[in-house]
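1. any chance you could fold what I've pasted below:
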Amino acid sequence: QLQSGATAIDLNASGTLASPVLTGTVSLEDGRYEHFRNGVILTDVTVQSEIIDLSTLQLTLVGSDGGRGRVGADLTVEFTDAGALVSGGLTAERAVMVRRDDVTAMLSADLTLRGQMGALLLSGPIIVDRAEARLVNATAPRIPTLGEIRITGQPLIIQDAVQPSTIDLDLQVLADGDVFLRGRGLDSEWSMDLTVGGTSRTAEISGAMQHERGTFTLIGRIFDITRGSVVFDG
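-> Residues are numbered from 1 along each chain as shown. Prediction:
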């Protein structure tokens, strides 16, 4: 969620009530975005948006990972009789996009987002510059809940569940090395060549991760790992 930022609005309305014409800009300066579940923290977020004749919205975003990493987006939304058409790109340059107790990841990306709203396709390469997964118990124990509570005698009301929107995926996730898996006696480095398809809700992963080097310590003895692979078949 967006934690802070200064917003400036400069809009012009003309035409008639029956046919209004709205133009202008909406901007955000010095914003901060946090997503604690995925460990995403962005600072120095700047957003510039421009509305052109109620038919086109242009959006530009830049931000920092709190260090030297940068992220950006440049999107255009055209409103037509057939619906909203989105086109543009998403970029990252050695940005630490995941900060959690069990996983950290620095990524570079040059992605394209296109399609009708509700039927978007996100495609392009993601380079894992450096990542580390630690075999630790990172999350707190789950607290059981009673679920939905209904008072006896009241009618049962069934509401249609609102399905969140999804984005089709066509991504390549690549790493020449510098992907580390550590903990519980294991200290290893991996490379990867993965393809991610499906959707943002149900991703389908294919490809493999290959062991580059590493050791495993067991009962005071250190063993060299000679080979290893993790294969994804969808």
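2. the helix or strand harbouring Val45 packs against which elements?
-> Val45 belongs to strand 40-52 when assigned by DSSP states H and E. With contacts defined as 3 or more Cβ pairs under 8 Å, 6 or more residues apart in numbering; DSSP states H and E, the packing partners of strand 40-52 are strand 2-15, strand 20-35, strand 56-64, strand 83-99. The C-beta positions use only the backbone N, C-alpha and C, and glycine is treated the same way.
3. ok, 6 Å please
-> Judged by 3 or more Cβ pairs under 6 Å, 6 or more residues apart in numbering; DSSP states H and E, strand 40-52 is in contact with strand 20-35, strand 56-64.
4. out of these, deepest packed?
-> Of all the helices and strands packed on strand 40-52, strand 56-64 has the most neighbours on average by mean count of other Cβ atoms under 10 Å, namely a mean of 17.
5. tell me the first helix or strand C-terminal of that strand.
-> By DSSP H and E, the next helix or strand past strand 56-64 is strand 70-80.
6. for that next one, which residues meet the burial criterion?
-> Arg70, Val71, Ala73, Asp74, Leu75, Val77 (16 or more other Cβ atoms under 10 Å).
7. confidence score at the residue nearest to the first one when sequence neighbours are not counted?
-> With Cβ to Cβ, 6 or more residues apart in numbering as the criterion, Arg70 has its nearest non-adjacent residue at 4.7 Å, and that residue is Glu93. On pLDDT, Glu93 comes in at 97.
8. now Leu107
-> 96.
9. same question for Ile158.
-> The model reports Ile158 with a pLDDT of 64.
10. equivalent analysis for Ile41, please.
-> According to the prediction, Ile41 has pLDDT 87.
11. hang on, the earlier thing: got a list of contacts for the strand holding Val45?
-> 22-29, 31-34, 57-64, 66, 97 (Cβ atoms under 6 Å, 6 or more residues apart in numbering).
12. nearest to Leu186, out of the helices and strands packed on strand 40-52?
-> Nearest to Leu186 among those is strand 20-35 (28.6 Å), distances taken as Cβ to Cβ.
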